[in-house]
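Peer 1: compute the structure for the input listed below.
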Amino acid sequence: MDILNPNAASYSLFHSSETDHLLQLIETETLQNHAHSHMLSGSVQGKFLEMICRMIHPFNVLEIGTFTGYSAICLSKGLQEGGKVHTIEIREADALKAVSYYEQAGLENKICQHIGCAKDILTKLQEKWDLVFIDADKVSYIDYYELTLPNIKSGGWMLADNVLFHGQVFEEQIKGKNALAMEAFNKHVLADNRVEQVLLTIRDGITLIRKL
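Peer 2: Okay, the predicted model is just below:
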C-alpha cells in the first residue's frame, strides 16, 4: 500500500534541498547492494532529520537502528560543538559499513557506533539525551521508549519511525506482528501523560514526541 501518493513523493523530493555527495553515495550503494534497502531513510526523511537536529541543536543524540549510517550522518549535522550521536546496530556488517562512511566524512569523533542488542546497550549508557531516534525492530518499540524516556532531558525530544507501518495500522483487523506492535506503540504514546506528540505523515510515518 502506498501511503503517500507517488506524485506527492516526487514533488516533495524535487522541492527539497539536495543531499551531499556522501549521502547520495550511501543511498546508491545501499539500494544497489543491500537486500533490505527499503529500510534506508532516504533523502527527504534524511533532510527532515537534519533540519530537526539543526533546530534543536542537541549535544547528545541517541539513534536505535543504524542500518548503513545514512540517518546517523544526517543527525550529526546539527550537533553542538563537542556533541555526539550514539547509534546502535545489531547487525555487525551494517554497523561496519556505516563506520566506513563516517570515516569518509571525517565524523569519527561525532558518531559513536555501538554493535549489539540495543536493550543490553541501553542499560549501560549513562548519557542524558536531547534527542532520541527510534528506527529498529518494531516489536521492541515500547521497550526502547521506556528504556530511553527517563534519560531524555525535560523538554527533550524523541522521533519514532514507521509508525504507520506501510498503512497496515489502518486495517480494520490488524494481523501482522509488526503492524500490531506499531499500533500498540502508538496507543502507548497517546496514553502517556509524560509527553506530548504529533504523528506526521512523512514517508512511513514519524511521530515527534516532546518530554514534558
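
Peer 1: CA atoms of the longest strand anywhere in the chain as PDB?
Peer 2: When the chain is parsed with DSSP state E, its longest strand is strand 152-161. Listed next in PDB are the C-alpha coordinates belonging to strand 152-161 (Å, rounded to 0.1, in the frame of the first residue of the first chain):
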ATOM      1  CA  ILE A 152      15.700  12.200  27.900                       C
ATOM      2  CA  LYS A 153      16.100  15.700  29.400                       C
ATOM      3  CA  SER A 154      13.000  17.600  30.400                       C
ATOM      4  CA  GLY A 155      11.800  19.400  27.200                       C
ATOM      5  CA  GLY A 156      13.800  16.900  25.100                       C
ATOM      6  CA  TRP A 157      12.700  15.100  22.100                       C
ATOM      7  CA  MET A 158      12.100  11.700  20.600                       C
ATOM      8  CA  LEU A 159      11.400  10.600  17.000                       C
ATOM      9  CA  ALA A 160       9.800   7.200  16.200                       C
ATOM     10  CA  ASP A 161       9.900   6.000  12.600                       C
END
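
Peer 1: buried sites along it?
Peer 2: Buried residues in strand 152-161, counting neighbours by 16 or more other Cβ atoms under 10 Å, are found at Ile152, Gly156, Trp157, Met158, Leu159, Ala160, Asp161. Backbone N, C-alpha and C define where each C-beta goes, glycine included.

Peer 1: report the secondary structure state of Gln197.
Peer 2: strand (DSSP: H, G, I helix; E, B strand; the rest coil).

Peer 1: just grab the bridge partners of it for me.
Peer 2: In this structure, Gln197 bridges to Ile209 when assessed by DSSP bridges.
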